[in-house]
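Participant: below: sequence and its predicted model.
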Amino acid sequence: MPFKYFGKINYTPYTKVSKFADELQKGKLVGSKCKNCGTVIHSAPTGFEDMTPYTLGLVDLDGGGRLLSWFENTKDKDIKIGMKVKVVPKIFEEIEEIKLYYALEKK
Amino acid sequence: MKVGVVGVGHGKFGRRSDATVQELAFEAFRAAMEDVKNLERKDIDSVIIGSSPEYHKQRSLPGVITEYIGMNDKPTWLTEAACASSSAALRSGYMAVKSGLHDVVLVLGVQKMTELNTAEIQSLMGRVGDVQWESIYGTTFPGYYALYANKHMDTYGTTGEQLARVAVKSHHYGAQNPYALFQKEITLERAMKSPMVADPLRVFDCCANADGAVALIITNDKLAKKYHDTPVWIDGLGSASAPISVLRRPDMTSIPSAVAAGKEAYKMAKVKPKDIQVADVHDCFTIAEILAYEDLGFAKKGQGGKFIDDKECYIGGKTPVNVDGGLKSKGHPVGATGASQTTEIVKQLRGDCGKRQVKGAEIGLTHNVGGIGQYCFVHVYKR
């Protein structure tokens, strides 16, 4: 069950983040539906100006819990409330550290 | 004991490069002192500042402002609840008077936002969500409300045209308000063709950042008539909180803290939504006003779009809403907004609003949302 560590409505389990990351890396967070909503950001905050427009999705996962992330590799015209999405692990590479994040893609 | 507002002072909202934050505060304080009679500085027992400090270069605002307006050595403190900071200050002042600790309290909402550029403000406002789980994806304040808008559209069929109609109404009344930032009417077509900010919210769906200050003087029922012939009583107070993160909001078509705060205020004032004759609600975005119609019970759930279509929120309609132009036209100096809403309702209940007057209004309401609804303050006022 995705997000089983996150409680009934995804109450942030700060001590369980490593387990979440582990499941994410193993590709277990797939097959979820974008049951909620999204938006395309055209006016961005500091640090994100070069990325606009970018699309955010708020996703209710099939197994419970909710997450917010970017859509990647998905055309805006294909994004609809109720569509199937998968949660894909990604890596930000920086000079002194590696950060993991997740993105949404059309399934 | 009843607690009432006896003095209001509203400064001009806008890009106020002519004034420092303490000068903005003094402008509002002076106007409030001119609004009362028989009141001197020495009669005021405390100064409560409502503001969001992160937008200011000047730190420790209560100390700076209280000295500048000549109120040392009266006690002073800050209340912070994001965009609802001065409604929180009014609640704090109400408690001070009601408890008997103070007889007369100055509540001063003030904000100077234009020391920062738009991207910096977007960044700060985006962080009213959960920084660890949301801000890393470039969330913005319009972006959060856009999530609500899209969900409301998908669930209830609300349209972009209905959102734009809220903006048209706001500018219609803002054009008649000398304190508003935007004093021009707009057409529906212009609103609907304005640039996109966060889909489906366009430029005219969003309020503008602004500088400004508003002062309120409140006291008890023994002293009120001494200071003003028409005191306006704070009869109901409601306040509630909600999870900061949209990840923990079960329903993205409603602000739960607004629903709870409204119910509490109605109960305390012994009124129902249909009894409210004029309301000033937190329309930081047009969708926020539509949510407020529903959350406060002016319209049935899902019928907020129809409420604006039918002009029920105009003067002459079922419940006139934001007939001062709202945040949308007045601008949104976040710390001053709640006090500005109170000022409008006080003036409406006094019968002092000229062309914008809701005839015979005796019961009014303010609804001030902090952040994306992590705070909400609803106040019911009676003449």
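Facilitator: Nice, I can see it.
Participant: my read: B:K330 touches B:Q176, true?
Facilitator: No. The pair B:K330 and B:Q176 fails to qualify as a contact (Cβ atoms under 8 Å) at a distance of 11.6 Å. C-beta: built from backbone N, CA, C; applies to glycine.
Participant: neighbour-wise, which of those two wins?
Facilitator: Using other Cβ atoms under 10 Å in any protein chain shown, the more surrounded residue of B:K330 and B:Q176 is B:K330, with 34 against 17.
Participant: parallel or antiparallel, list what pairs with the helix or strand hosting A:K90.
Facilitator: A:K90 belongs to strand A:84-93 when assigned by DSSP states H and E. Strand A:84-93 sits in its sheet next to strand A:32-33 (antiparallel), strand A:98-106 (antiparallel), going by DSSP bridges.
Participant: worst mean pLDDT among those strands?
Facilitator: Looking over the strands paired with strand A:84-93, mean pLDDT reaches its minimum on strand A:32-33, with a mean of 54.
Participant: just confirm yes or no for stretch B:144-161 near chain A.
Facilitator: Yes. Stretch B:144-161 is in contact with chain A by Cβ under 8 Å from any Cβ of the partner chain, via B:146-151, B:154.
Participant: of the residues you listed, closest to A:T74?
Facilitator: Taking Cβ to Cβ as the measure, A:T74 lies nearest B:N150 of those, at 16.0 Å.
Participant: skipping adjacent residues, who's closest to that closest one in space?
Facilitator: Residue nearest to B:N150 in three dimensions, not counting chain neighbours: A:C37, with 4.3 Å by Cβ to Cβ, 6 or more residues apart in numbering or on different chains.
Participant: who's in contact with the one you found?
Facilitator: Neighbouring residues of A:C37 by Cβ atoms under 8 Å, 6 or more residues apart in numbering or on different chains: A:57-58, A:81, B:147-148, B:150-151, B:154, B:252.
Participant: equivalent analysis for B:K151, please.
Facilitator: Neighbour list for B:K151: A:36-37, A:81, B:252-253 [criterion: Cβ under 8 Å, 6+ apart].
Participant: and the two most separated of the residues you listed?
Facilitator: The two members of these with the most space between them (Cβ to Cβ) are A:I81 and B:T253, at 12.1 Å.
Participant: mind listing what's buried along the worst-scoring helix or strand of chain B on mean pLDDT?
Facilitator: Ranked by mean pLDDT, DSSP states H and E, the weakest helix or strand in chain B is helix B:118-126, scoring a mean of 79. Residues of helix B:118-126 classed as buried by neighbour count (16 or more other Cβ atoms under 10 Å in any protein chain shown): B:119, B:121-126.
Participant: take those residues and write them to a markdown table, including distance to B:A167.
Facilitator: Putting those into a markdown table (distance: Cβ to Cβ, whole Å) gives the following:
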| residue | distance to B:A167 |
| --- | --- |
| B:A119 | 23 |
| B:I121 | 20 |
| B:Q122 | 20 |
| B:S123 | 25 |
| B:L124 | 24 |
| B:M125 | 19 |
| B:G126 | 22 |
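Participant: and chain A, which of those residues contact it?
Facilitator: Checking the buried residues of helix B:118-126 against chain A by Cβ under 8 Å from any Cβ, the ones in range are B:119, B:122-123, B:125-126.
Participant: rewinding a little: which one of A:I81 and B:T253 has more residues nearby?
Facilitator: Neighbours were counted for A:I81 and for B:T253 using other Cβ under 10 Å; B:T253 has more, 23 against 17.
Participant: next SSE after the least confident helix or strand of chain B?
Facilitator: helix B:141-156.
Participant: any stretches of chain A with poor pLDDT?
Facilitator: By pLDDT under 70, the low-scoring segments of chain A are A:1-36, A:63-64, A:93-100.
Participant: which bits of it sit near chain B?
Facilitator: With Cβ under 8 Å from any Cβ as the criterion, chain A meets chain B at residues A:9-12, A:36-49, A:51, A:54, A:56, A:58, A:66-70, A:81, A:101.
Participant: on that earlier part again, mind checking which of the residues of stretch B:144-161 next to chain A are buried?
Facilitator: Buried members of the residues of stretch B:144-161 next to chain A, counted by 16+ other Cβ under 10 Å: B:146-151, B:154.
Participant: now tabulate these in CSV and tack on distance to A:K107 and pLDDT.
Facilitator: Below are those laid out as CSV (distance: Cβ to Cβ, whole Å; pLDDT from 0 to 100):
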residue, distance to A:K107, pLDDT
B:A146, 24, 94
B:L147, 21, 93
B:Y148, 25, 95
B:A149, 25, 96
B:N150, 20, 93
B:K151, 21, 93
B:D154, 20, 93
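Participant: between those residues, which is nearest B:E161?
Facilitator: Nearest member of these to B:E161, counting by Cβ to Cβ, is B:A149, at 12.7 Å.
Participant: contacting residues for the closest one?
Facilitator: Each residue near B:A149 by Cβ under 8 Å, 6+ apart is listed here: A:39, B:158, B:163, B:200-201, B:285, B:287.
Participant: report the two of the residues you listed separated the most.
Facilitator: Using Cβ to Cβ, the two most remote members of these are A:T39 and B:T158, lying 14.7 Å apart.
Participant: which of the two has more neighbours?
Facilitator: Under the neighbour definition other Cβ under 10 Å, A:T39 and B:T158 were set side by side, and A:T39 has more, 28 against 25.
Participant: just to be sure, that one is in a strand?
Facilitator: Yes. Per DSSP: H, G, I helix; E, B strand; the rest coil, A:T39 lies within a strand segment.
Participant: so what's it closest to, chain neighbours aside?
Facilitator: In space, A:T39 is closest to B:A146, 3.7 Å off (Cβ to Cβ, 6+ apart).
Participant: contact residues of the stretch 1-150 of chain B facing chain A?
Facilitator: Neighbours of chain A within the stretch 1-150 of chain B, by Cβ under 8 Å from any Cβ: B:118-120, B:122-123, B:125-126, B:130, B:132-134, B:136-140, B:142-143, B:146-150.
Participant: can you rerun that using 6 Å?
Facilitator: Counting by Cβ under 6 Å from any Cβ of the partner chain, the positions of the stretch 1-150 of chain B adjacent to chain A are B:119-120, B:122-123, B:126, B:134, B:137-138, B:140, B:143, B:146-147, B:150.
Participant: mind picking the two most distant members of these?
Facilitator: B:E120 and B:N150 (26.3 Å).
Participant: if we can go back for a sec, overlap in contacts of B:K330 and B:Q176?
Facilitator: Common contacts of B:K330 and B:Q176, defined by Cβ atoms under 6 Å, 6 or more residues apart in numbering or on different chains, are absent altogether.
Participant: which residues touch residue 39?
Facilitator: Answering for chain A, as no chain was given. Neighbouring residues of A:T39 by Cβ under 6 Å, 6+ apart: A:56, B:143, B:146-147, B:198-199.
Participant: not quite, I wanted chain B
Facilitator: So B:L39 contacts B:Y227 (Cβ under 6 Å, 6+ apart).
Participant: how close does it get to B:L223?
Facilitator: 9 Å (Cβ to Cβ, to the nearest Å).
Participant: what's the answer for B:Y94, then?
Facilitator: 15 Å.
Participant: again, but for B:V281
Facilitator: Taking Cβ to Cβ, one finds B:V281 at 31 Å from B:L223.
Participant: tell me which of those two has more neighbours.
Facilitator: Neighbour count, other Cβ under 10 Å: between B:V281 and B:L223, B:V281 has more, with 27 against 17.
Participant: OK, contacts around the more buried one?
Facilitator: B:V281 sits in contact with B:289, B:292, B:321, B:367, where contact means Cβ under 6 Å, 6+ apart.
Participant: now the last one: closest residue in space, sequence neighbours ignored.
Facilitator: What that stands for is B:H367. Distances taken as Cβ to Cβ, 6+ apart put B:V281 closest to B:H367, at 4.3 Å, once the chain neighbours are dropped.
Participant: with that, I have no additional questions.
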